[in-house]
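> Below are the sequence and a predicted model for it; my questions follow.
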Amino acid sequence: MAIRKIITIGDDGLRKICRPQEKFDRRLAVLLRDMADTMYKAEGVGLAAPQVGILRRIAVVDVSEDHAGLIEMINPEIIEKDGEQTGREGCLSVPGRQAVVTRPRHVTVQFQNRNGETIQREAEGFEARAICHEIDHLDGRLYLDVMERELTAEEIQSHIPEDDLE
Ligand code: NI
């Protein structure tokens, strides 16, 4: 297990368009393991490779409470989306800040797994939000670019349910 350093806003690496991952080898497996470990240690629900300085189209997401819902996505693409949800969003590369962001309520994402097999997965709610957020990272986009407004320190402390934020 290796925890990688998460880069934060101001680092150019977060603004680059990442290249497709073409090799499904041991190095990829190590990177995926490290990314999951790094995400769990930071108590995040998603992490994209550029956040650890690797400009490849790779991301991990796990919105479960017990680390049992890990999704490893290589070369992911949203192929269908519908509905809307407006709620709270943060990012491990933007520490201490949160914003109100509108995302699709439901998405179908297509990606390759660590063996190079093509997978389609449907996601909704918070998982759909996390997937959209991570795929944005692969194109150099941060939630700061698409947010409606930033939350105040007081709002960040409060536990307003996801969809009650306007
Ligand atoms: Ni992020």
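Good, I have the coordinates. Numbering: from 1, shown residues only.

> so how many other residues sit close to residue 1?
Other residues near residue 1 number 9, with proximity taken as other C-beta atoms under 10 Å. (C-beta placed from N, C-alpha, C; glycine too.)

> Next one: the closest residue in space to it that isn't next to it in sequence from residue 67, what distance?
With C-beta to C-beta, 6 or more residues apart in numbering as the measure, residue 37 is the residue that lies nearest to residue 1, at 4.9 Å, once sequence neighbours are left out. As for residue 37, its distance to residue 67 is 10 Å (criterion: C-beta to C-beta, to the nearest Å).

> Look at these two and report which has more neighbours.
Neighbours were tallied for residue 37 and for residue 67 using other C-beta under 10 Å; the higher tally belongs to residue 37 (16 against 10).

> quick one: buried residues of stretch 139-158?
For stretch 139-158, the neighbour count (16 or more other C-beta atoms under 10 Å) marks 140-143, 147, 151 as buried.

> quick one: contacts of that stretch?
Defining contact as C-beta atoms under 8 Å, 6 or more residues apart in numbering, one finds that stretch 139-158 is touched by 9, 14-18, 50, 86, 88-91, 93-94, 96-102, 133, 136, 165.
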